Each structure stands twice: as C-alpha cells, then as structure tokens.
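Dropping a prediction and its sequence here:
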Amino acid sequence: MSSAIDWMAGAQALREELVARRRDFHRHPELAFEETRTAGIVAHELGQLGLEVQSGVGKTGVVGILEGAADGPTILVRCDMDALPIHEANQTEYTSQTVGKMHACGHDGHTAIALAVAKLLAAHRDQLAGRVKFIFQPAEEIGRGAAAMIADGVLQTPTPAYAFGLHLWNDMPVGVVSVTEGPAMASANDFTITIKGRGGHGAIPEQAADPVLAAAQIVSALQSIVSRNVSGLDTAVLSVCTMRAGFANNVIPDEAVLGGTFRTYRKETNALVGRRIGEIATGIAAALGCSATLDWQELTPALVNNSQTNARLRQAFAQVNSPVPLSLRDNERTMASEDMAYFLDHVPGTYFFVGSANAARGLNFPHHHPRFDIDEDCLPLAAGLLATAVAEYLQK
C-alpha cells in the first residue's frame, strides 16, 4: 500500500507550478510529430530531476527512467503531448498564440501532470522498489504516436510490468474519477469508398451510370449495419462524414468518393462492420451499374483496462485524502479512441478518467471544441492520483 506518503498533499503543494506549466504548454500548442518545443522542455525537466532521458523516440517522443532504491517491477506512465488544428475561441491570458492550433483535448494538462508526478516520485525515490518509465508521447490525435514509439523499442530495456495513464475528461465535473472496467474507449477505423460510374449529361441520365446516386444509396444503407447486424447487447458507431463528386450542376461525374469512420469495442464487431461496409457498397454499386472499392484502415484498437490493476487502483484511490470529495465510478465509456490502447495491448494496466469540467464557470465545453478549457483544480488531483497508482506497485 502507498499510505506512508501522502501523494495527494504533495501534488497539491505543486498546484501553482502545475497551473503555470499547463498554461505555458497551452500558449504554445504543437501538432502531431511537431512537438519539438514541448519535448525539449520535458527532456530538460526530467534531466534536472536526475532521470535517464532519451529524446527522439517515435520521432518527437521523450522517455525518462526513474530508478528506485531497490529492485522491483517497471511501471510505465504515459502521457500525450500534441495539440489539434483548431483555432481557439477562448479569451484568456493563456490563449493559444499560434493561429489555427489549440490544446482542445487536455494534453497540455496531461504533460504538466506527468512532469509533476516525476517530480513527486523523484523526491521519494529512496522509498521505491523498482523503476518508473515515463513516456511522453507525440501524435495521439492522429493515432500514430504510440505505434511509432513502440516501433522504436519503447517497451524494451526495461520492459514494463504494468502501464498507467489518465485523461482529463470534460464530460465529468472535477472530483469525479472513473476507473472503467473492461473497454473504456473504442477502436478507431477510417474508411474510404470509391464508386466508379460512367459520366454523362445531367439531362440525359439514361446514357450514364450515376455514381452520385449509388453513393447516396450506400450512405443510407450503411446505417443499417448497426441496427441490423450488430447485436443489441453490443455497440458500434458508423458515420459517413465526407462525400466528394462532380464539378458542374449539369454533368454526371465518373466518380464519387465517400469517407467516414466506425468505432467498436470488440474485435469481432470491428471485423463484422468492416466486412458489411464492403458488401453493401459493392452490392449497391453493382445494382446501379457502377463499381465500388473499399479502403479500410484501423487506426487504433479498443482501449481495454485490466481488471486486476483496476481493482487495486480503486482500492488505493478510495483511501486518498483528497481536498475535493472524490466520487469513484467504474462505467465511464466513450466511442472516442485513444492510442494508449496500443500500450495496453502489450502491458496490463489502467487508463482512468479524471473529471475536469466546471459548468458554473463555463468550463464544460466538449473535447475538440474551440472553447474547450478545464477547471485547473483537476491538475493536482490528477497528479496525486497518478502518483498514488505508481506508488501502489513500487513503494516499499
């Protein structure tokens, strides 16, 4: 147990530093694989704490290893660093200074939190049996950073025994924490359907094979997959988000292209939805004298928490002396995705949600919204919980 040290009190003492660092990252957002300023700050701070630091992992990722005083397991702590291509609509003293780029998902907070946890644990390394492998990951927003770091060997030398991470979550108010059982976030899949027809004059459609008509029928029919092929005891989301065809109002084009996404929790359901998209698209296109091809790419698998680490973290969190009353949940789920799933596919662990919203202050806009912002009271709370999670496995 980790009761000998009050990690939450230590995190609260770092509140001013946490807020300042989060606001600095917020002012200077960097997109996927462009996080050079952020990575430089992270590497410098970890080095100042005496950690073994490696930069350029997965292109712009940073790894810091904190050695405890005795032998023991390696715990992976992961946070993401990248921002989004969104123009910020907030007017604060820490508003983004880069046009068209914004931390609209909380990764600025995640990076500040992980640095605070490194500082807390480094100050008590003499009481740790094992080591902590801090992973500051790029490119989560495009689902490629985790895979890039794994390809660069981040799960080797040393190999972690458990993996932990968190997401600040504006769907929940500050004080609510969810350690979700089983799947917590969905897989992410992109698909493109290219429909080939035969162009012609809009006034003489009988001489053409209209790919626009086929595309419209396909969009409608794809909605039957979730309602008629996926079990009511399971879940999936399918959205067609783009349609491109033609350049003139009186010309039937040769081609139409549809693009979209689908999300599931189960691998079997993922395969089912992908197969049915192809069957429906090719069948309808053929019936209308066209042809269709499907390009389907899985970006991230579903994020699935480990039941044993979940149980241990819930027990540890229930004993935390928090300045904000904690409400622990086990069922917060979303059809959004997270490439932390790649780490949890290799290493048992838990990815938990920490409420960051405050409706009374207008700090409850959803993630990826141009007015997204958080109640910064969540920062020390999250840091205290993450430090508690690590210490649960390493503290002597």
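Ah, there it is.

per-residue pLDDT, Ser55?
On pLDDT, Ser55 comes in at 98.

helix, strand or coil for it?
Classification of Ser55 by DSSP: H, G, I helix; E, B strand; the rest coil places it in strand.

In this structure it contacts His44, no?
No - applying C-beta atoms under 8 Å as the test, Ser55 and His44 come out as separate, 10.0 Å apart. C-beta here means a position set from N, CA and C on the backbone, and glycine is covered the same way.

The two: who's more crowded?
Applying other C-beta atoms under 10 Å to Ser55 and His44 shows that Ser55 carries more neighbours, namely 18 against 13.

so how far is Ile142 from that one?
Ser55 is 20 Å from Ile142, where distance means C-beta to C-beta, to the nearest Å.

repeat for Gly232
For Gly232 relative to Ile142 (C-beta to C-beta), the value is 33 Å.

Those two - which one has more neighbours?
Ile142 (14 against 6).

Spell out the secondary structure type for the closest residue in space to Asp6 that isn't next to it in sequence.
Nearest residue to Asp6, sequence neighbours excluded (C-beta to C-beta, 6 or more residues apart in numbering): Asn321, at 6.3 Å. Here Asn321 is recorded as coil under three-state DSSP.

Asn321 contacts Ala11, doesn't it?
No - contact criterion C-beta under 8 Å: Asn321 and Ala11 do not qualify, at 11.3 Å.

Which one of these two is surrounded by more residues?
In terms of neighbours (other C-beta under 10 Å), Ala11 is the more surrounded of Asn321 and Ala11; the figures are 27 against 12.

Checking my notes, that one in a helix, right?
Yes - counting by three-state DSSP, Ala11 falls inside a helix.

thinking it is in contact with Leu115, fair?
No - look at Ala11 against Leu115 with C-beta under 8 Å: they stay out of range, at 11.7 Å.

Do a quick rundown of the helices in the protein.
Along the chain, counting by DSSP state H, helices occupy 7-13, 15-27, 36-48, 107-123, 145-151, 211-222, 224-228, 267-287, 307-318, 340-346, 378-394.

so what's the spatially most central residue of the chain up against?
Residue closest to the mean C-alpha point of the chain, counted by C-alpha atoms, centre = their mean, is Glu338 at 2.9 Å. Shown in contact with Glu338 (C-beta atoms under 8 Å, 6 or more residues apart in numbering): Glu140, His167, Met185, Thr300, Leu303, Tyr351.

If we ignore the residues flanking it in sequence, what's nearest the second one?
If the residues on either side of it in the chain are set aside, His167 comes closest to Phe353, at 5.5 Å by C-beta to C-beta, 6+ apart.

Burial check on the one you found, number of neighbours?
Phe353 sits with 23 neighbouring residues when counted by other C-beta under 10 Å.

repeat for the one 3 residues further on
Ser356 has 29 neighbours, counted by other C-beta under 10 Å.

With Pro323 instead?
Residue neighbour count, defined by other C-beta under 10 Å, stands at 15 for Pro323.

Double-check it against Gln12; I have them as touching.
Yes - at 6.1 Å, Pro323 counts as touching Gln12 under the criterion of C-beta under 8 Å.

ok, back up a step: residues in contact with the residue nearest to Asp6?
Asn321 touches Asp6, Met8, Ala9, counting by C-beta under 8 Å, 6+ apart.

Return, as residue ranges, the portions of the chain with sub-threshold pLDDT.
Where the chain drops to pLDDT under 70, the residues are 1-4.

just to revisit the earlier point, ranking by neighbours, what's the top pick from the contacts of Asn321?
Highest neighbour count within those, by other C-beta under 10 Å: Met8, with 23 neighbours.

how close does the residue of the chain most remote from its centre get to Cys241?
No residue in the chain sits farther from the centre than Ile204, which is 49.4 Å out by C-alpha atoms, centre = their mean. The gap separating Ile204 from Cys241 is 32 Å, by C-beta to C-beta.

Please apply the same query to Glu255.
Applying C-beta to C-beta to Glu255 and Cys241 gives a distance of 18 Å.
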